[in-house]
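*Asks:* From the sequence below, what's the structure:
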Amino acid sequence: MPVQPVSPEIITTPDGVRRLADRLSREPYVACDLEADSMHHYQEKVCLIQFTVPGLAAIVDPLAVADLAPLAPVFANPSIRKVFHGADYDIRSLHRDFGIEVNNLFDTMIACQFLGEREFGLAAVLRKRFGVELDKQYQRADWSRRPLTAGMIEYAAKDTTLLIELCGRLEAELREKGRIGWVEEECALLARVRVAQRSDGEPMFLRFKGASRMASRSLAVLEEILCFRDRRAQQMDVPPFKVLGTETVRELAEKKPRSLAELTGITGITERVVERCGEGIVRAVEKGLAVPEQELPFFPREERRKVGGDEERRIKALKGWREDKARRFAVEPGFLANNALLEQIALVFPRSEVELEGIAGLRPWQRREFGAEMVAALQARR
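*Replies:* Numbers count the residues shown, from 1 in each chain. Next up is the predicted model:
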């Protein structure tokens, strides 16, 4: 029978944060989650941090109490297991906003993936394992708005209510299957992810999906449109996609409208968008079209190394081994070893397990569990 939820305590004072940190510091497991406002503001920020331990649910409001330093030792303590579900965004956000580093992370989503779960979103996992339905009504809410409604508070608290119990079940299953070490290593790597910062002078188009397929002139126009969109988003304090959507930007870069009339019919360009941004868009297009031919940007391309026949056969052998292993383990093949790793192993062509050491991207658990089999698969194809 799953644990019964308790009413969350909303923490808005420095003293409340200190008392919470003291309580959490005595727990072996702490369930964590956070809510941010990335869908609603230009500069996203953490708006709530939720914690659950037996007998206590707490929601810290960072907008009310800025100093979260007392919580940092809890997150950093390697003796306390911090349980998240889908922790990538949370880990990046905690470090970006508060400088918080997480040790002894356990991501229940990664655990589910290594147990072969085909649906590993939290709602699907809780439905399958506990018969609990998560209401996703507030998934896209603006969590920076105050006061929080009762429904928002309940929603925020629910995501962590069952995480510790879920963690216990998943740990037991992973140990039974001999995979607990795999997950712990993956979680330790995940705990080190950070928000990627754009370098000064780095073109914005480098992070735009589909830019690599555009001609140089379209790239010049794309860069100007992206810069315009970013400036306008800052002025309006909204995410850039709320100024102009991705498909709209792509179409503008390709069609290069030079007048307000030519904006008609472009995906996402409504009368309101024309009124609010039309002249700025046209100026951005003109600016991109004015870039001299010799100064046109280009998308950097990595030289694709030519793969010879022997290497291709080794890659095929490793993929065949992986497919067979994944079927027997009932997990997605990519969780055992991704294609880039198999290609790297095929290139190095190790003749022994010792020669696997130093291969980029090869995890210790992969070498420990599958090293001999990988080498054998390669030798069989000689």
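*Asks:* From now on I want contacts and neighbour counts done on CA atoms only, so please keep to that.
*Replies:* Fine.
*Asks:* Only the buried residues of stretch 283-301, if you could.
*Replies:* Going by neighbour count (16 or more other CA atoms under 10 Å), the buried part of stretch 283-301 is Arg283, Ala284, Val285, Glu286, Gly288, Leu289, Leu296, Pro297, Phe298.
*Asks:* For Glu295, see how far away the closest residue in space to the last one that isn't next to it in sequence is.
*Replies:* Sequence neighbours aside, Ser216 is the residue nearest to Phe298 in space, at 5.5 Å (criterion: CA to CA, 6 or more residues apart in numbering). In this structure, Ser216 lies at 10 Å from Glu295, with CA to CA, to the nearest Å as the measure.
*Asks:* what do you get for Phe130?
*Replies:* Counting by CA to CA, the gap from Phe130 to Glu295 is 60 Å.
*Asks:* Contact partners for Gly288?
*Replies:* Arg217, Ser218, Ala220, Val221, Leu222, Glu223, Glu224 (CA atoms under 8 Å, 6 or more residues apart in numbering).
*Asks:* Got the domain ranges for the protein?
*Replies:* In the domain annotation for the chain, the residue ranges read 9-190, 204-295, 309-380 (automatic domain parsing).
*Asks:* For Leu63, grab phi and psi.
*Replies:* Backbone torsions for Leu63, taken as degrees, to the nearest 10, come to phi -80, psi -20.
*Asks:* What residues does it make contact with?
*Replies:* By CA under 8 Å, 6+ apart, the residues touching Leu63 are Cys47, Leu48, Ser144.
*Asks:* what do you get for Asp159?
*Replies:* By CA under 8 Å, 6+ apart, Asp159 lies in contact with Asp33, Leu122, Leu134.
*Asks:* Who are the contact partners of the nearest residue to the second one once chain neighbours are set aside?
*Replies:* For Leu122, the nearest residue in space outside its immediate sequence neighbours is His85; the separation is 6.7 Å by CA to CA, 6+ apart. Residues near His85 by CA under 8 Å, 6+ apart: Asp33, Asp107, Thr108, Met109, Leu122, Leu163.
*Asks:* Can you report how many residues neighbour Arg304?
*Replies:* 6 (other CA atoms under 10 Å).
*Asks:* How about the secondary structure of it?
*Replies:* coil (DSSP: H, G, I helix; E, B strand; the rest coil).
*Asks:* Could you do Glu355 as well?
*Replies:* Classification of Glu355 using three-state DSSP returns helix.
*Asks:* For the stretch 101-250 of the chain, which segments count as strands?
*Replies:* 105-107 (DSSP state E, counting those that start in this stretch).
*Asks:* which residue ranges form the helices in it?
*Replies:* Listed in chain order, the helices of the stretch 101-250 of the chain (DSSP state H, counting those that start in this stretch) span 108-114, 122-130, 150-161, 163-177, 180-190, 216-236, 246-255.
*Asks:* who touches the shortest one?
*Replies:* The contact list for helix 108-114 (CA under 8 Å, 6+ apart) reads 83-86, 120-122, 163, 166-167, 170-171, 174, 179, 183, 186-187, 331-332, 335.
*Asks:* Repeat the analysis, applying 10 Å as the threshold.
*Replies:* Contact partners of helix 108-114, identified using CA atoms under 10 Å, 6 or more residues apart in numbering, comprise 83-87, 115-122, 125, 163-164, 166-168, 170-171, 173-174, 177, 179-180, 182-184, 186-187, 190, 329-332, 335-336.
*Asks:* Filter those down to the buried ones.
*Replies:* Buried by 16+ other CA under 10 Å: 83-87, 115-117, 120, 122, 125, 163-164, 166-167, 170-171, 173-174, 179-180, 182-184, 186-187, 190, 331-332, 336, out of those.
*Asks:* picking that back up, output the contacts of Leu63 in CSV; the columns should cover distance to Lys158 and pLDDT.
*Replies:* What follows is these, written out as CSV (distance: CA to CA, whole Å; pLDDT from 0 to 100):
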residue, distance to Lys158, pLDDT
Cys47, 16, 98
Leu48, 13, 98
Ser144, 19, 97
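*Asks:* that older thread, let me know which of the helices of the stretch 101-250 of the chain is the nearest to Glu302.
*Replies:* helix 216-236 (16.8 Å; CA to CA).
*Asks:* could you give the mean pLDDT of that closest one?
*Replies:* For helix 216-236, the mean per-residue pLDDT is 97.
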